[in-house]
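Asks: From the sequence below, what's the structure:
(chains A and B)
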Number of protein chains: 2
Amino acid sequence: MKYRISANVIRRLPRYLRRLTGMERAGEERTSSRDLSSAMGLTASQIRQDLNCFGGFGQQGYGYRVRELREGIAAVLGIGETLRAVVVGVGNLGRALLANFRFDECGVEVTAAFDADPALIGRRVSEVPILESDALEGYLKENPVDVIVLTLPRKFVKDVSELAARNGVRGIWNFTGSDIDADLGDTIVENVHLSDSLLTLGYYLRGRTSENQSHKEET
Amino acid sequence: MKYRISANVIRRLPRYLRRLTGMERAGEERTSSRDLSSAMGLTASQIRQDLNCFGGFGQQGYGYRVRELREGIAAVLGIGETLRAVVVGVGNLGRALLANFRFDECGVEVTAAFDADPALIGRRVSEVPILESDALEGYLKENPVDVIVLTLPRKFVKDVSELAARNGVRGIWNFTGSDIDADLGDTIVENVHLSDSLLTLGYYLRGRTSENQSHKEET
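Replies: Numbers count the residues shown, from 1 in each chain, chains lettered A, B, ... in the order given. The predicted structure follows:
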């Protein structure tokens, strides 16, 4: 069965997953919408609504079993089903992601990286081979790739995105900070906007509110 | 006057700001809760509620003036008031942020970076001098620093966060992917969880829903 879940709920699922993974590691077996509520800065009723969207993991008067809920959310997110990705642009950010980001915990395997710098070609970062950018199109034609990670200069964003969409890539994880103004058909773009995070922190630091505590617990 | 605004509204303000900045650049002068609604994947009534939280920029039957609303939100976020930051950890990610992230657009000025690698000390990235990590405490005592940006290995997170909080740093922008388990008093932690973004993209790619379009427009 397919559930129709709103985009805002989807965006909260990874946060539930993180919270529940932490609880499980800490040996907690049970939780409630009330516990989750104070931990996540949402109302208990919002949490019950969110979790009801994809079936009733909770029991009246008992709450939720942490492991069951964690596994249920991981299943809804589809983490068990591996997606293939390539990283385009092996500058500082590309290297940082390849070396430190836990793609596997998101159910994603990086099979190759691409860069225009001849000095990098043939090297590996975290076992991922770096290939030359000109080889990207051929690679996409010959290998199943679900996601391209864009960590390249902005001026190449449009061309590379179009090339990827044309060659069957269905998802773009965009770190360039600029919106992608291109015809990408059904390809989905997920933009990473680090500035949203710093602006939120800045708001609290500038002392416009006394809600520091609730902010602190929400993230 | 101080407004009490919920943490969830605050977290949406940067998204409004981005959207409005884009509209202004495109020469649009007026907008409505309805326009913003379809652009941001929220209901029009939610948008009116959000914007009402900090005073009535909108007019019945006219909507919002784009520039006025953008300036209003920037003022609420306090972007005009510069915060001072240091980056701790000049590995790939620290360098990527120093070289490419537009701190100034968030009203933040980076005054120094710190690393333990002797080969980096005395060098500069985007004019920001790299100092040795041992000098961090002295620096914090002698210079006003509002935010530390943590781009260092996880094992140093606790010590560096405590040192910063002890020396008057009120905000921590945490890129280490691990929660900070330390007594930080009133210091606010903003965690960057890139996995939330990749998991959301993965959800849509795995085809659990037909809401791709609304997702695409929401970010």
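
Asks: so where is chain A shaky, pLDDT-wise?
Replies: Along chain A, the model assigns pLDDT under 70 to residues A:1-4, A:54-58, A:208-219.

Asks: And the strands in it, which stretches?
Replies: A:30-31, A:64-65, A:83-88, A:108-115, A:124-125, A:128-132, A:147-150, A:171-174, A:188-191 (DSSP state E).

Asks: Out of those, which is the most enclosed?
Replies: Among these, strand A:147-150 has the highest mean neighbour count (mean count of other Cβ atoms under 10 Å in any protein chain shown), at a mean of 27. C-beta coordinates here come from the backbone N, C-alpha and C atoms, glycine included.

Asks: same for it, what does it pack against?
Replies: Under the contact definition 3 or more Cβ pairs under 8 Å, 6 or more residues apart in numbering or on different chains; DSSP states H and E, strand A:147-150 sits against strand A:83-88, helix A:157-166, strand A:171-174, helix B:194-205.

Asks: same thing but 6 Å
Replies: strand A:83-88, strand A:171-174 (3 or more Cβ pairs under 6 Å, 6 or more residues apart in numbering or on different chains; DSSP states H and E).

Asks: circling back to that earlier point, mind putting the strands of chain A into TSV with distance to A:Ile5?
Replies: TSV is the format used below for the strands of chain A (distance: least, Cβ to Cβ, whole Å):
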stretch	distance to A:Ile5
strand A:30-31	21
strand A:64-65	18
strand A:83-88	19
strand A:108-115	21
strand A:124-125	35
strand A:128-132	33
strand A:147-150	21
strand A:171-174	18
strand A:188-191	15
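
Asks: With distance to B:Gly185 added, can I get the helices and strands packed on strand A:147-150 in TSV?
Replies: Putting these into TSV (distance: least, Cβ to Cβ, whole Å) gives the following:
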stretch	distance to B:Gly185
strand A:83-88	39
strand A:171-174	36
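
Asks: Relative to chain B, which of the ones you listed is closest?
Replies: strand A:171-174 (4.6 Å; Cβ to the nearest Cβ).

Asks: which residues are in contact with that closest one?
Replies: With Cβ atoms under 6 Å, 6 or more residues apart in numbering or on different chains as the contact definition, strand A:171-174 has outside contacts at A:146-150, A:161, A:188-191, B:201, B:205.

Asks: how about the residues of chain A near chain B?
Replies: A:7, A:10-11, A:14, A:41, A:77-78, A:81, A:83, A:92-93, A:95-96, A:106, A:146, A:170-171, A:173, A:188, A:190-192, A:195-206, A:212, A:214-216, A:218-219 (Cβ under 6 Å from any Cβ of the partner chain).

Asks: Restricted to buried residues, select these in ChimeraX.
Replies: Listed next is the ChimeraX selection for buried residues among those, using 16 or more other Cβ atoms under 10 Å in any protein chain shown:
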select /A:7,10,11,14,41,77,78,83,92,93,95,96,106,146,170,171,173,188,190,191,192,195,196,197,198,199,200,201,202,203,204,205,206,212,215,216,218,219
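
Asks: For the lengthiest helix in chain A, list the C-alpha coordinates in PDB.
Replies: Assignment by DSSP state H gives helix A:7-25 as the longest helix of chain A. C-alpha atoms of helix A:7-25 as PDB (Å, rounded to 0.1, in the frame of the first residue of the first chain):
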ATOM      1  CA  ALA A   7       6.100  17.000   2.100                       C
ATOM      2  CA  ASN A   8       6.400  18.600   5.600                       C
ATOM      3  CA  VAL A   9       5.900  15.200   7.300                       C
ATOM      4  CA  ILE A  10       8.500  13.600   5.100                       C
ATOM      5  CA  ARG A  11      10.900  16.300   6.000                       C
ATOM      6  CA  ARG A  12      10.400  15.500   9.700                       C
ATOM      7  CA  LEU A  13      10.900  11.700   9.300                       C
ATOM      8  CA  PRO A  14      14.700  11.900   9.300                       C
ATOM      9  CA  ARG A  15      14.600  13.900  12.500                       C
ATOM     10  CA  TYR A  16      12.400  11.300  14.200                       C
ATOM     11  CA  LEU A  17      14.800   8.600  12.900                       C
ATOM     12  CA  ARG A  18      17.800  10.400  14.400                       C
ATOM     13  CA  ARG A  19      16.000  10.900  17.700                       C
ATOM     14  CA  LEU A  20      14.900   7.300  17.900                       C
ATOM     15  CA  THR A  21      18.300   5.900  16.900                       C
ATOM     16  CA  GLY A  22      19.700   7.900  19.800                       C
ATOM     17  CA  MET A  23      17.100   6.500  22.200                       C
ATOM     18  CA  GLU A  24      17.700   2.900  21.000                       C
ATOM     19  CA  ARG A  25      21.500   3.300  21.500                       C
END
